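1. starting from these lines, generate the structure:
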Amino acid sequence: MSYTIEQIAQALGATAFGAADLEIDGVAEPADATARDLALAMKPEYAETLGQGAARAAMVWEGADWQALGLEAAIVAPRPRYVMSGLTTLFDPGQGWDTGIHPTAVVHETASLGADVSVGPLSVIGPGAQIGAGTVIGPQCFVGTEARIGKGGFLREGVRIAARVQIGDRFIAQPGCVVGGDGFSYVTPETSGVEAARATLGDQGDTQAQSWTRIHSLGGVEIGDDVELGSNCTIDRGTIRSTRIGNGTKIDNLVMIGHNVQIGTNSLLCGHVGIAGSARIGNNVVLAGQTGVSDNIFVGDNVIAGGATVILSNVPAGRVVLGYPAMKMDTTMEVFKGLRRLKRLFNDVAELKKTVSNSRQSD
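-> Numbering: from 1, shown residues only. Next up is the predicted model:
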């Protein structure tokens with residue numbers, strides 16, 4: 001897989017300089033680049049290690065003196081990190097899977113597969129399932145009864161799509177993710193200690209130990225177009241209505257989305273995020289790693305939550321929050337500063353007590 005500098009620049013909508021016919025086989029960090037790699041020297045600090053490698057060409061920032069860096073060719077883009085998307089697409093070697101339906105795959109006779117669909121070894125496509133044209137189902141995957149996956153999808157190893165899940169076009173699922181498991185919904189015959197504690201904010205009352213009875217999940221999961229799911233993330237089906245994920249939303253590894261949750265378009269959920277049942281997440285929301293969202297609350301459009309934030313109440317649109325419980329980020333930073341000063345404050349108070357005590361003794 002080789003491209004000239006000129007071909008790469010044209011594909012990225014960037015500008016080529018120098019030896020535009022130089023052939024490139026791959027991309028690398030500057031210190032690791034070979035003579036046939038395009039070094040990613042997109043900032044001056046990255047370019048400092050070019051001399052440790054053997055790169056003849058690099059992706060550089062606007063205004064860079066690429067010749068002074070010892071390069072024979074360079075590619076310049078207004079936003080180098082953005083063109084990384086196209087660059088990595090060009091050089092992605094894929095997973096090396098065969099095309100077509102593998103002999104060990106089990107495809108139900110009532111399933112519908114579009115043109116150029118591939119199904120890998122030991123995968124199962126259930127009754128009435130619909131797979132859109134060009135979708136690739138990797139090895140050991142499962143697509144349940146009457147589930148639908150749109151065009152151009154890509155399921156990595158061991159993905160599980162449960163019955164009646166509805167997924168749009170260009171869906172990507174990384175290894176081991178599960179879509180459409182039952183929600184975590186249980187109820188006791190009488191008021192439980194959890195319900196009493198929630199109503200009173202702490203007092204369980206005279207409730208007795210009770211067994212938990214399952215509430216079945218009759219709803220489904222509906223996922224829009226251009227959604228991506230990370231490895232081992234899980235999305236539960238709804239109890240009555242469906243759990244919904246909007247177009248363009250990206251979900252990282254080990255994210256847990258509970259039953260009935262509604263997530264808008266183009267939101268970003270980073271690793272270890274957990275969203276409890278019936279929460280509503282708006283459009284263009286960013287939840288950094290380990291953020292937790294309580295049940296039955298809403299997070300407005302364009303909210304950003306910093307890492308390890310715990311959201312226990314509604315968050316209005318556009319707010320940037322941090323901490324446990326979630327507060328405006330600047331407020332949380334002031335709280336953190338105050339915590340760091342506590343030891344000094346305690347020492348100051350102890351000294352003041354000594355001074356007052358000595359003063360009283362001298363009187």
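2. biggest helix in the protein by residues?
-> Counting by DSSP state H, the longest helix found in the chain is helix 342-362.
3. tell me the mean pLDDT for that helix?
-> For helix 342-362, mean pLDDT rounds to 85.
4. can I get it in PDB, CA atoms only?
-> Extracted in PDB, the C-alpha atoms of helix 342-362 (Å, rounded to 0.1, in the frame of the first residue of the first chain):
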ATOM      1  CA  LEU A 342      -7.700  22.700  55.000                       C
ATOM      2  CA  LYS A 343      -4.600  21.300  56.800                       C
ATOM      3  CA  ARG A 344      -3.100  24.800  57.000                       C
ATOM      4  CA  LEU A 345      -6.400  26.200  58.200                       C
ATOM      5  CA  PHE A 346      -6.600  23.500  60.900                       C
ATOM      6  CA  ASN A 347      -3.100  24.300  62.000                       C
ATOM      7  CA  ASP A 348      -3.900  28.100  62.100                       C
ATOM      8  CA  VAL A 349      -7.000  27.400  64.200                       C
ATOM      9  CA  ALA A 350      -5.000  25.200  66.600                       C
ATOM     10  CA  GLU A 351      -2.400  28.000  67.000                       C
ATOM     11  CA  LEU A 352      -5.200  30.600  67.600                       C
ATOM     12  CA  LYS A 353      -6.700  28.300  70.300                       C
ATOM     13  CA  LYS A 354      -3.400  28.100  72.000                       C
ATOM     14  CA  THR A 355      -3.000  31.900  71.900                       C
ATOM     15  CA  VAL A 356      -6.500  32.400  73.400                       C
ATOM     16  CA  SER A 357      -5.900  29.700  76.000                       C
ATOM     17  CA  ASN A 358      -2.600  31.200  77.100                       C
ATOM     18  CA  SER A 359      -4.200  34.700  77.200                       C
ATOM     19  CA  ARG A 360      -6.900  33.500  79.500                       C
ATOM     20  CA  GLN A 361      -4.300  31.800  81.800                       C
ATOM     21  CA  SER A 362      -2.300  35.000  82.000                       C
END
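5. tell me the domain boundaries of the chain?
-> With domains defined by automatic domain parsing, the chain comprises 3-91, 106-329.
6. quick one: closest of those to residue 336.
-> Of all the domains of the chain, it is domain 106-329 that lies closest to residue 336, at 7.9 Å by C-beta to C-beta. (Each C-beta comes from the backbone N, C-alpha and C, glycine too.)
7. quick one: end-to-end distance for the closest one.
-> Terminal residues of domain 106-329 lie 52 Å apart, using C-alpha to C-alpha, to the nearest Å.
8. if we can go back for a sec, from the chain's centroid, how far away is the longest helix of the chain?
-> Between the centre of helix 342-362 and the centre of its chain there are 52 Å (C-alpha atoms, centre = their mean, to the nearest Å).
9. and the pLDDT at residue 200?
-> 86.
10. just residue 55 next, same as before
-> If you check residue 55, the pLDDT there is 97.
11. quick one: classify it as helix, strand or coil.
-> coil (DSSP: H, G, I helix; E, B strand; the rest coil).
12. for it, give me its contacts.
-> By C-beta atoms under 8 Å, 6 or more residues apart in numbering, the contact list for residue 55 reads 28, 30, 33, 34, 35, 37, 38, 39, 41, 71.
13. in helices only, show me these.
-> Going by DSSP H, the helices hold none of those.
14. among these, which one lies nearest to residue 63?
-> Nearest member of those to residue 63, counting by C-beta to C-beta, is residue 41, at 13.0 Å.
15. my read: that closest one touches residue 65, true?
-> No. Here residue 41 lies out of contact with residue 65, judged by C-beta atoms under 8 Å, at a distance of 11.7 Å.
16. coming back round to it: so for residue 350, which of the domains of the chain sits nearest?
-> Closest to residue 350 of these is domain 106-329 (C-beta to C-beta; 28.6 Å).
17. which stretches of this structure have low pLDDT?
-> Along the chain, segments meeting pLDDT under 70 span 363.
18. pull the contacting residues for the spatially closest residue to residue 80 that is not a sequence neighbour.
-> Spatial nearest neighbour of residue 80, chain neighbours left out: residue 42 (3.8 Å); criterion: C-beta to C-beta, 6 or more residues apart in numbering. Contact analysis of residue 42 by C-beta under 8 Å, 6+ apart lists 59, 60, 61, 80, 81.
19. buried members of those residues into ChimeraX, please.
-> Burial among the contacts of residue 42 is assessed by 16 or more other C-beta atoms under 10 Å; the matching ChimeraX selection reads:
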select :59,60,61,80
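20. would you verify that residue 336 is located in a helix?
-> Yes. Under the criterion used here (three-state DSSP), residue 336 sits inside a helix.
21. mind listing what it touches?
-> The neighbours of residue 336, taking C-beta under 8 Å, 6+ apart as the test, are residue 323.
22. same thing but at 7 Å, please
-> For residue 336, the contact set (C-beta atoms under 7 Å, 6 or more residues apart in numbering) is empty.
23. ok, now how distant is it from residue 306?
-> Distance, residue 336 to residue 306, using C-beta to C-beta, to the nearest Å: 11 Å.
24. now do residue 18
-> Distance, residue 18 to residue 306, using C-beta to C-beta: 42 Å.
25. of those two, who's got more company?
-> Taking neighbours as other C-beta atoms under 10 Å, residue 18 and residue 306 compare with residue 306 leading, 19 against 16.
26. all set now, cheers.
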